[in-house]
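>>> sequence first, then the predicted structure, then my questions.
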Amino acid sequence: MKEVKVDPRIIRTRKLLMDAFIKVTRKKDFKDITIRDITDEATVNRATFYSHFQDKYDLMDVAITEEILESIVKHLNHYDKLNEETIVNIFFTLTEFHTKKRTEYPPQCKTSMEPFNSIIEQKIKKELGELFYSLLLKQRPNMSSEDLKIGATIFSWGIYGASVDWENNSSLSAEKYIKKALPFIISEINNFKG
């Protein structure tokens, strides 16, 4: 089957629109952002915008998937065993993401991030779930798929929840937080029988 090449101008324009969208969200609440705000920032016309995206919600979804989650997913794809080191590294990847999100968006733009938060959380949990499923499958190949999916869901939601708790409620460093949480997580991994 012949590989279809995408015109580099299409890739550049999509990237330009996504970057413009991210910039605008730092200045305005999502509900107040118009297509014109995005196209003015990107210096393209409305027709160009609509040739790439259906609306600002479509753009938001793509921007989150391609821009924000890409940095997380690339750090998650190289683990081959579910152990203490993997858990710690995943936790640090998530806390770095939370820290970056907090520093890139000034306090006055915090409400701009609210529409993204549930989408970001959903997508991160999905990626983590797939990672944990593949790791559990390697370590417990005789376990049923349903049991592995349940375990993967619990681990992905747990580690993501811990990173959110660290961000919102903890005065500990990420290193101290995960050191305290690790015995609980490792115990669950070791006891996971399905």
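Arrived safely. Residues are numbered from 1 along each chain as shown.
>>> can you pull the buried residues of the helix or strand bottoming out on mean pLDDT in the chain?
In the chain, no helix or strand scores lower on mean pLDDT, DSSP states H and E than helix 69-76, which sits at a mean of 70. Using 16 or more other C-beta atoms under 10 Å as the test for burial, helix 69-76 gives 69, 72, 73, 75, 76. C-beta: built from backbone N, CA, C; applies to glycine.
>>> please apply the same query to stretch 132-141.
Buried-residue list, stretch 132-141, by 16+ other C-beta under 10 Å: 132, 133, 134, 135, 136, 137, 140.
>>> these two touch, right, the fifth one and residue 144?
Pointing back at residue 136 there. No. Under the criterion of C-beta atoms under 8 Å, residue 136 makes no contact with residue 144, lying 11.2 Å away.
>>> can I assume residue 139 is in contact with residue 82?
Yes. Using C-beta under 8 Å, residue 139 is in contact with residue 82, at 5.9 Å.
>>> between those two, what contacts are shared?
The contact sets of residue 139 and residue 82 do not overlap (C-beta atoms under 8 Å, 6 or more residues apart in numbering).
>>> can you name the helix or strand that residue 85 falls in?
Secondary structure from DSSP states H and E places residue 85 in helix 84-104.
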